[in-house]
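> Mind folding the following:
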Amino acid sequence: TSVQPQEGYLRVIRDVLPRDGFFVEEVSQVGFTARMCFPVYAARHYVTCGYQDNLGFGFNTALGVKVANPDKAVVSVSGDGGFMFGVQELATAKQFGIAVVAIVFNNQAYGNVRRDQQTVYGNRLLGADLENPDFVALAKSFGVMAMKADSPEELRGKLAEALDANEPVVIEVSIPRGSDSSPWPFIHPAPLS
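As a prediction, the model looks like this:
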(Lines give C-alpha, C1' and ligand atoms only; values in the text may rest on other atoms or scores of the structure.)
Protein backbone atom coordinates (compact mmCIF):
# COMPACT_ATOMS: atom_id res chain seq x y z
CA THR A 1 0.00 0.00 0.00
CA SER A 2 1.25 3.48 -0.76
CA VAL A 3 0.16 7.08 -0.51
CA GLN A 4 0.35 8.67 -3.95
CA PRO A 5 1.27 11.06 -5.40
CA GLN A 6 2.93 12.21 -2.16
CA GLU A 7 5.35 9.30 -1.80
CA GLY A 8 6.64 9.73 -5.34
CA TYR A 9 7.41 13.39 -4.75
CA LEU A 10 9.00 12.69 -1.37
CA ARG A 11 11.32 10.06 -2.88
CA VAL A 12 12.54 12.65 -5.38
CA ILE A 13 13.08 15.27 -2.67
CA ARG A 14 15.07 12.76 -0.61
CA ASP A 15 17.16 11.81 -3.65
CA VAL A 16 18.00 15.42 -4.52
CA LEU A 17 18.31 16.99 -1.05
CA PRO A 18 21.86 16.47 0.28
CA ARG A 19 22.10 14.05 3.22
CA ASP A 20 22.91 16.96 5.54
CA GLY A 21 20.14 19.16 4.13
CA PHE A 22 17.13 20.23 6.16
CA PHE A 23 13.57 19.17 5.38
CA VAL A 24 10.82 21.34 6.88
CA GLU A 25 7.18 20.26 6.66
CA GLU A 26 3.82 21.37 7.94
CA VAL A 27 0.28 20.07 8.08
CA SER A 28 -0.55 19.04 4.52
CA GLN A 29 -1.08 15.91 2.49
CA VAL A 30 2.64 15.66 1.76
CA GLY A 31 3.61 16.66 5.31
CA PHE A 32 1.61 13.85 6.88
CA THR A 33 3.03 11.35 4.42
CA ALA A 34 6.59 12.55 5.06
CA ARG A 35 6.18 11.67 8.74
CA MET A 36 5.96 8.03 7.71
CA CYS A 37 8.25 7.71 4.75
CA PHE A 38 10.89 10.44 4.55
CA PRO A 39 14.31 9.08 5.56
CA VAL A 40 16.41 11.36 7.76
CA TYR A 41 20.14 10.88 8.28
CA ALA A 42 21.00 13.35 11.06
CA ALA A 43 19.36 14.63 14.21
CA ARG A 44 17.31 17.82 13.87
CA HIS A 45 17.36 17.77 10.06
CA TYR A 46 13.66 16.92 9.84
CA VAL A 47 11.82 19.97 11.19
CA THR A 48 8.14 19.61 12.01
CA CYS A 49 5.45 21.16 14.14
CA GLY A 50 4.55 17.58 15.05
CA TYR A 51 0.88 17.02 15.59
CA GLN A 52 0.29 20.61 16.69
CA ASP A 53 -0.25 21.05 12.97
CA ASN A 54 -0.44 24.76 12.47
CA LEU A 55 -0.86 26.01 8.93
CA GLY A 56 1.91 28.37 7.87
CA PHE A 57 4.62 26.68 9.95
CA GLY A 58 6.66 25.23 7.08
CA PHE A 59 7.98 28.04 4.91
CA ASN A 60 8.24 30.55 7.75
CA THR A 61 10.19 28.12 9.93
CA ALA A 62 12.40 27.12 7.01
CA LEU A 63 13.58 30.73 6.76
CA GLY A 64 14.84 30.53 10.34
CA VAL A 65 16.41 27.13 9.73
CA LYS A 66 18.32 28.57 6.75
CA VAL A 67 19.49 31.64 8.67
CA ALA A 68 20.80 29.32 11.41
CA ASN A 69 22.41 26.99 8.82
CA PRO A 70 23.46 29.21 5.92
CA ASP A 71 25.74 26.60 4.35
CA LYS A 72 23.15 23.81 4.28
CA ALA A 73 20.33 23.16 1.82
CA VAL A 74 16.85 23.86 3.23
CA VAL A 75 13.64 22.67 1.56
CA SER A 76 10.15 23.33 2.86
CA VAL A 77 7.02 21.50 1.76
CA SER A 78 3.61 23.08 2.19
CA GLY A 79 0.15 22.74 0.83
CA ASP A 80 -1.34 25.69 -0.99
CA GLY A 81 -3.52 26.63 1.99
CA GLY A 82 -0.66 26.54 4.48
CA PHE A 83 1.73 28.41 2.21
CA MET A 84 -0.76 31.27 1.92
CA PHE A 85 -0.59 31.78 5.70
CA GLY A 86 2.95 33.11 5.33
CA VAL A 87 3.32 33.97 1.65
CA GLN A 88 4.25 37.55 2.54
CA GLU A 89 7.54 36.20 3.89
CA LEU A 90 8.68 35.83 0.30
CA ALA A 91 9.53 39.52 0.72
CA THR A 92 11.75 38.65 3.69
CA ALA A 93 13.42 35.82 1.79
CA LYS A 94 14.15 38.12 -1.14
CA GLN A 95 15.27 41.12 0.92
CA PHE A 96 17.73 39.11 2.99
CA GLY A 97 18.71 36.50 0.39
CA ILE A 98 17.44 33.56 2.44
CA ALA A 99 17.90 30.68 0.02
CA VAL A 100 15.05 28.37 1.02
CA VAL A 101 13.43 26.22 -1.64
CA ALA A 102 9.69 26.25 -0.97
CA ILE A 103 7.77 23.44 -2.66
CA VAL A 104 4.07 24.28 -2.73
CA PHE A 105 1.74 21.35 -3.38
CA ASN A 106 -1.30 23.02 -4.90
CA ASN A 107 -4.46 20.90 -4.78
CA GLN A 108 -6.77 23.95 -4.70
CA ALA A 109 -8.07 22.91 -1.29
CA TYR A 110 -7.45 22.31 2.35
CA GLY A 111 -7.02 18.70 1.26
CA ASN A 112 -7.32 16.91 4.58
CA VAL A 113 -10.41 18.90 5.52
CA ARG A 114 -11.96 18.28 2.11
CA ARG A 115 -11.34 14.53 2.24
CA ASP A 116 -12.82 14.27 5.74
CA GLN A 117 -15.88 16.23 4.63
CA GLN A 118 -16.28 13.85 1.70
CA THR A 119 -15.79 10.62 3.61
CA VAL A 120 -17.15 11.39 7.07
CA TYR A 121 -19.75 14.07 6.38
CA GLY A 122 -21.51 12.79 3.27
CA ASN A 123 -19.64 15.02 0.81
CA ARG A 124 -20.97 18.20 2.44
CA LEU A 125 -18.17 20.62 1.56
CA LEU A 126 -17.78 23.86 3.47
CA GLY A 127 -14.74 26.12 3.29
CA ALA A 128 -12.46 23.40 1.95
CA ASP A 129 -11.97 24.50 -1.67
CA LEU A 130 -9.61 27.38 -2.40
CA GLU A 131 -9.20 29.95 -5.17
CA ASN A 132 -5.46 30.36 -5.41
CA PRO A 133 -3.10 32.71 -7.15
CA ASP A 134 -0.68 31.50 -9.76
CA PHE A 135 2.11 30.71 -7.29
CA VAL A 136 4.84 31.03 -9.92
CA ALA A 137 3.64 34.49 -10.95
CA LEU A 138 3.14 35.48 -7.31
CA ALA A 139 6.69 34.48 -6.34
CA LYS A 140 8.09 36.29 -9.37
CA SER A 141 6.19 39.43 -8.36
CA PHE A 142 8.33 39.39 -5.19
CA GLY A 143 11.44 39.03 -7.35
CA VAL A 144 11.81 35.40 -6.26
CA MET A 145 12.82 32.68 -8.72
CA ALA A 146 9.89 30.34 -9.39
CA MET A 147 9.03 27.33 -11.49
CA LYS A 148 6.43 24.62 -11.89
CA ALA A 149 6.75 20.83 -11.75
CA ASP A 150 3.90 18.54 -12.70
CA SER A 151 5.43 15.14 -11.97
CA PRO A 152 8.00 13.65 -9.62
CA GLU A 153 10.54 13.38 -12.43
CA GLU A 154 9.97 17.00 -13.40
CA LEU A 155 10.47 17.96 -9.76
CA ARG A 156 13.82 16.13 -9.75
CA GLY A 157 15.35 18.51 -12.28
CA LYS A 158 13.64 21.63 -10.95
CA LEU A 159 14.70 20.95 -7.36
CA ALA A 160 18.33 20.36 -8.39
CA GLU A 161 18.24 23.65 -10.32
CA ALA A 162 16.66 25.47 -7.37
CA LEU A 163 19.24 24.20 -4.88
CA ASP A 164 22.07 25.16 -7.24
CA ALA A 165 20.66 28.69 -7.58
CA ASN A 166 21.48 29.49 -3.93
CA GLU A 167 18.63 32.00 -3.72
CA PRO A 168 14.98 31.85 -2.61
CA VAL A 169 12.95 29.64 -4.95
CA VAL A 170 9.30 28.57 -5.11
CA ILE A 171 8.36 25.39 -6.94
CA GLU A 172 4.65 24.88 -7.50
CA VAL A 173 3.47 21.30 -7.89
CA SER A 174 -0.09 20.98 -9.18
CA ILE A 175 -2.13 18.13 -7.75
CA PRO A 176 -5.71 17.56 -9.01
CA ARG A 177 -8.21 18.59 -6.33
CA GLY A 178 -9.42 15.58 -4.38
CA SER A 179 -6.90 13.14 -5.89
CA ASP A 180 -4.65 12.69 -2.86
CA SER A 181 -4.60 9.32 -1.14
CA SER A 182 -5.22 9.36 2.58
CA PRO A 183 -2.22 8.78 4.86
CA TRP A 184 -4.52 8.08 7.82
CA PRO A 185 -4.56 4.28 7.50
CA PHE A 186 -0.80 4.40 8.13
CA ILE A 187 -0.98 6.91 10.97
CA HIS A 188 -4.01 5.34 12.68
CA PRO A 189 -4.11 1.71 11.52
CA ALA A 190 -7.24 -0.34 12.08
CA PRO A 191 -7.19 -2.11 15.45
CA LEU A 192 -6.13 -5.74 15.39
CA SER A 193 -9.03 -8.08 15.96
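> Looking at residue 17 now. What's its pLDDT?
For residue 17, the pLDDT comes out at 98.
> That should have said residue 77, apologies.
The predicted local confidence for residue 77 is 97.
> That one: what secondary structure?
Following DSSP: H, G, I helix; E, B strand; the rest coil, the label given to residue 77 is strand.
> so who does it touch?
Applying CB atoms under 8 Å, 6 or more residues apart in numbering to residue 77 gives the contacts 13, 23-26, 28, 30-31, 34, 58, 103, 105. From N, CA and C alone the C-beta is placed, and that goes for glycine too.
> now, which of those residues lie within helices?
Judged by DSSP state H, those include 13, 30-31, 34, 58 as members of helices.
> Please indicate which of those has the highest neighbour count?
residue 58 (32 neighbours; other CB atoms under 10 Å).
> count of residues packed around the closest residue in space to that one that isn't next to it in sequence?
Distance criterion CB to CB, 6 or more residues apart in numbering; nearest residue to residue 58, sequence neighbours excluded, is residue 26 at 3.4 Å. Residue 26: 30 surrounding residues under other CB under 10 Å.
> Just to check, residue 26 is in contact with residue 82?
Yes: using CB atoms under 8 Å, residue 26 is in contact with residue 82, at 5.1 Å.
> who touches both of those two?
In contact with both residue 26 and residue 82: 55-58, using CB under 8 Å, 6+ apart.
> Distance from the chain centre to stretch 126-142, please.
Centroid separation for stretch 126-142 versus its chain: 14 Å, with CA atoms, centre = their mean, to the nearest Å.
> whoops, I mixed them up, stretch 7-21
For stretch 7-21, the distance to the chain centre is 12 Å (CA atoms, centre = their mean).
> Mind listing what's buried along that stretch?
7, 9-14, 16-17, 21 (16 or more other CB atoms under 10 Å).
> secondary structure element for residue 126?
Here residue 126 sits in a region with no helix or strand, counting by DSSP states H and E.
> do the same with residue 170
Applying DSSP H and E, one finds residue 170 within strand 169-174.
> Neighbouring strands of that strand in the sheet, and parallel or not?
In the sheet, strand 169-174 lines up against strand 101-106 (parallel), strand 145-149 (parallel) (DSSP bridges).
> Could I get the contacting residues of residue 54?
Residues in contact with residue 54 (CB under 8 Å, 6+ apart) are 26-27.
> neighbouring contacts of stretch 118-130?
Residues contacting stretch 118-130 (CB under 8 Å, 6+ apart): 80-81, 84, 108-110, 113-114, 117, 177-178, 182.
> How are the helices of this structure distributed by residue range?
Applying DSSP H to the chain gives helices spanning 6-16, 29-37, 57-68, 80-84, 90-96, 111-120, 135-141, 152-165, 184-187.
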